[in-house]
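Engineer: coords below, sequence missing:
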Ligand SMILES: C[S@@+](CC[C@H](N)C(=O)[O-])C[C@H]1O[C@@H](n2cnc3c(N)ncnc32)[C@H](O)[C@@H]1O
């Protein structure tokens, strides 16, 4: 199917190696899966998958995660999948929990959690201890979180249905908060080619209003000294740096941007200016991921610390 790439022209000046970027969008996305280390070791998983006729190669940057070499048979149809020995998740979607670094026995909030991929990743990183509050405002999508939690055997996840923009402070404060906001999803076009047809500046600007309210509430319920990861799967600066810039203006004394480093993973710095807007200079420490850099989807992450 033809991709509606005209909309992406507005990013020509900021995306490095433009032709390689456009070319990468023509290829389907590799499947990635990660080991449920509550049940099995990565080595044991590789052996089981091999017996099922599935060859995998390790991701260079994320321990226990693998790229699938061929789609037949599909990993999601194997007994090992239904037994909860692994989870299938887009490679770039692994980034926010990896950067958030949840620790055992902490209290973590996943403010926009459905269908629960990152919730599950966080819960396993916490070794099934502490509490992950998985919140989403969409009652129908919350069932998917429950299914993932049950299949992987997670006992440290509490599911909540509420509007994250007014998430109640009565739920207490959190050591770390993930804000994986609803976005225009431009970066998912390798998986869903039709997505670009719905994108426009107007759409991004409308989403940005809700994204700012979600990030603002995340800051409010994070404990002093805690960490907040803000993420989208889109390229639009209006939904990325410009949202983070606004929250930095709202909490100038309380927030700092943490620099991001990931060995063996290529990415670009966040923008500090866009279409006449001068943005916080520290936004260069946030991360932009383009599909041709690591053969993935597109993504954005900002890591923030709330000062003591
Ligand atoms: C990008 S998806 C989250 C994906 C999820 N973190 C994962 O990794 O599986 C964004 C989610 O935000 C939810 N959402 C949108 N507006 C919300 C709001 N005001 N409060 C809470 N959740 C909201 C949507 O229902 C959707 O499930």
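Structural biologist: Looks like it came in fine. Here the structure is a predicted model, which is why all the values come from computation and not from measurement. Numbering: from 1, shown residues only.

Engineer: Please report how far the nearest residue to residue 117 once chain neighbours are set aside lies from residue 305.
Structural biologist: With sequence-adjacent residues excluded and distances taken as CB to CB, 6 or more residues apart in numbering, residue 117 is closest to residue 89, at 4.7 Å. Using the backbone N, CA and C atoms, a C-beta is placed for each residue, glycine as well. Using CB to CB, to the nearest Å, residue 89 is found at 26 Å from residue 305.

Engineer: Neighbour count for these two, which is higher?
Structural biologist: Taking neighbours as other CB atoms under 10 Å, residue 89 and residue 305 compare with residue 89 leading, 19 against 16.

Engineer: From the ligand, how far out is the more buried one?
Structural biologist: Residue 89 sits at a distance of 7 Å from the ligand (criterion: CB to the nearest ligand atom, to the nearest Å).

Engineer: Please look at that residue and residue 124 and confirm they touch.
Structural biologist: No: using CB atoms under 8 Å, residue 89 is not in contact with residue 124, being 11.2 Å away.

Engineer: which parts of the stretch 101-250 of the chain sit against the ligand?
Structural biologist: Contact residues (CB under 6 Å from any ligand atom) of the stretch 101-250 of the chain with the ligand: 112-118, 136-138, 141, 163-165, 180, 182.

Engineer: Buried ones only from those, please, as a PyMOL command.
Structural biologist: In PyMOL syntax, the buried subset of these is picked out as below (16 or more other CB atoms under 10 Å):
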select buried, resi 112+113+114+115+116+117+118+136+137+164+165+180+182
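
Engineer: Tell me which of the residues of the stretch 101-250 of the chain next to the ligand fall in helices.
Structural biologist: 117-118, 141 (DSSP state H).

Engineer: export those to JSON lines and tack on distance to residue 260 and pLDDT?
Structural biologist: Listed next are these as JSON lines, based on distance: CB to CB, whole Å; pLDDT from 0 to 100:
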{"residue": "117", "distance to residue 260": "20", "pLDDT": "98"}
{"residue": "118", "distance to residue 260": "17", "pLDDT": "98"}
{"residue": "141", "distance to residue 260": "28", "pLDDT": "95"}
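
Engineer: For the longest helix seen in the chain, list every residue counted as buried.
Structural biologist: Counting residues, the longest helix in the chain under DSSP H turns out to be helix 201-221. For helix 201-221, the neighbour count (16+ other CB under 10 Å) marks 203-204, 207-208, 210-219, 221 as buried.

Engineer: What's the mean pLDDT across it?
Structural biologist: What helix 201-221 shows for mean pLDDT is 97.

Engineer: Kindly report the same for stretch 151-170.
Structural biologist: Averaged across stretch 151-170, pLDDT comes to 97.

Engineer: Centre of the chain to it, how far?
Structural biologist: Relative to its chain's centre, stretch 151-170 lies at 17 Å (CA atoms, centre = their mean, to the nearest Å).

Engineer: Then stretch 285-292?
Structural biologist: Averaging C-alpha positions (CA atoms, centre = their mean) puts stretch 285-292 12 Å from its chain's average.

Engineer: From residue 302, how far out is the residue in the stretch 151-300 of the chain that the ligand sits nearest to?
Structural biologist: Closest to the ligand within the stretch 151-300 of the chain is residue 164: 3.1 Å, counting by CB to the nearest ligand atom. Here the distance between residue 164 and residue 302 works out to 17 Å (CB to CB).

Engineer: Nearest to residue 290 among the buried residues of helix 201-221?
Structural biologist: The shortest gap between residue 290 and any of the buried residues of helix 201-221 belongs to residue 204, at 17.3 Å (CB to CB).

Engineer: Hmm, the closest one is touching residue 235, no?
Structural biologist: No: the criterion here is CB under 8 Å, and residue 204 misses it with residue 235 at 9.5 Å.

Engineer: For the most centrally placed residue in the chain, which non-adjacent residue is closest in space?
Structural biologist: By CA atoms, centre = their mean, the chain has its centre lying nearest to residue 93, at 3.9 Å. Excluding the flanking residues, the one nearest residue 93 by CB to CB, 6+ apart is residue 117, at 5.8 Å.

Engineer: Please apply the same query to residue 159.
Structural biologist: Leaving aside its sequence neighbours, residue 159 sits nearest to residue 134 (CB to CB, 6+ apart; 5.0 Å).

Engineer: Next, the angle from whichever strand or helix holds that neighbour to helix 201-221.
Structural biologist: Residue 134 is located in strand 131-136, with elements delineated by DSSP states H and E. If you take axes from the mean of the first three to the mean of the last three CA atoms, to 10 degrees, strand 131-136 sits at 150 degrees to helix 201-221.
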